[in-house]
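Asks: with the input below, show me the fold.
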Amino acid sequence: MISVIVPAYNEEQNIAKCLESLSRQTVPRDSYEIIVVDGGSGDRTREIASEYADMVFIQTSKKVGGARNDGAQKARGDIMATTDADCIIPHDWLSVIMAAFDRDPEIVQLFGPVIPMEGGVKNHLFLALANNFSRFGYYTGLFYYTLGCNTAFRNDAFLMAGMYRTIDAGDDLEIARRMKSLGKVKFENRMRVVFSMRRYEQYGTLKSLYEWVYIVAHGGESDKHSYSKREYKK
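Replies: As a prediction, the model looks like this:
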């Protein structure tokens, strides 16, 4: 079984589309579970999620990394996949993940590229650069630019590694370094999700990138920038 963890906070406008796409996977529905971990939403996020998900609960740990950790500790699957509540998931996403882990038992973490949901040259260019940056890091072995919206783990290895650090930014990159000590961290080009650029459009792509780099360079924590204060109140 695969457990899909979806952190959410005030996502009533988006979460139904995300969970509908997860409900229409090419693998049998009884071969995976959907777990929504809510950050204390003040809207109908939990109510809507309950129509699709196998489990919906309010997180007890801090920040988005903590939401994923809470979900992992309740997961029944051998494999844990993570995505975001405003993403759209292609129908073959889980089958690609299953096949990769089945082919190579040494893989402990799998990640892939993202496609912009919104149109526009700027959005496509920005994510093309991000995807190529991720490929460069992987194929050179210099770093692993993984994203929490499109990552999967062997759950026992994830728990053994100590799970995500609950920091403001860079938690999805930092975990890959620890997972590497337990097995293979692999980039899979066919493992794709459709990613919403709404926050980057709202706050500005360059400003968001600058804030993200600044926070990561300072250990992942910041009370100066707005980047980490957009989704979760915890």
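
Asks: how about the strands in this protein?
Replies: 2-8, 32-38, 55-58, 79-82, 107-111, 114-116, 151-154, 184-187, 193-195 (DSSP state E).

Asks: average model confidence for the first one?
Replies: Think strand 2-8. Averaging pLDDT along strand 2-8 gives 97.

Asks: and if you look at the fifth one?
Replies: For strand 107-111, mean pLDDT rounds to 97.

Asks: can you check the third one too?
Replies: For strand 55-58, the per-residue pLDDT values average out at 98.

Asks: remind me, longest helix of the protein?
Replies: Longest helix of the chain, by residue count under DSSP state H: helix 121-140.

Asks: counting by contacts, list what that one packs against.
Replies: Under the contact definition 3 or more Cβ pairs under 8 Å, 6 or more residues apart in numbering; DSSP states H and E, helix 121-140 sits against strand 114-116, strand 184-187, helix 198-203. Every residue, glycine included, has its C-beta placed from N, CA and C.

Asks: quick one, it and strand 107-111 angle?
Replies: Helix 121-140 runs at 160 degrees relative to strand 107-111, counting by axes from the mean of the first three to the mean of the last three Cα atoms, to 10 degrees.

Asks: mind listing what's buried along helix 121-140?
Replies: 123, 126, 127, 130, 131, 134, 137, 138 (16 or more other Cβ atoms under 10 Å).

Asks: quick one: residue 53 and residue 6 touch, right?
Replies: Yes - when contacts are counted by Cβ atoms under 8 Å, residue 53 is listed as touching residue 6 (7.5 Å).

Asks: compute the number of surrounding residues for the residue nearest to residue 88 when sequence neighbours are not counted.
Replies: Excluding its sequence neighbours, the residue lying closest to residue 88 (Cβ to Cβ, 6 or more residues apart in numbering) is residue 194, at 3.9 Å. Neighbour count for residue 194, taken as other Cβ atoms under 10 Å: 19.

Asks: if we can go back for a sec, dump the strands of the chain to CSV, plus distance to residue 26.
Replies: Shown next, in CSV, are the strands of the chain (distance: least, Cβ to Cβ, whole Å):
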stretch, distance to residue 26
strand 2-8, 13
strand 32-38, 11
strand 55-58, 22
strand 79-82, 14
strand 107-111, 17
strand 114-116, 18
strand 151-154, 16
strand 184-187, 21
strand 193-195, 15
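
Asks: and of those strands, who's closest to residue 23?
Replies: Residue 23 lies closest to strand 32-38 among the strands of the chain, at 7.5 Å (Cβ to Cβ).

Asks: so how far is that closest one from its chain's centroid?
Replies: Strand 32-38 sits 12 Å away from the centroid of its parent chain (Cα atoms, centre = their mean, to the nearest Å).

Asks: packing partners for it?
Replies: In terms of contacts (3+ Cβ pairs under 8 Å, 6+ apart), strand 32-38 is packed against strand 2-8, helix 15-23, helix 45-49, strand 55-58, helix 63-74.

Asks: which of the ones you listed sits closest to residue 33?
Replies: Of all these, strand 2-8 sits nearest to residue 33, with 5.2 Å by Cβ to Cβ.
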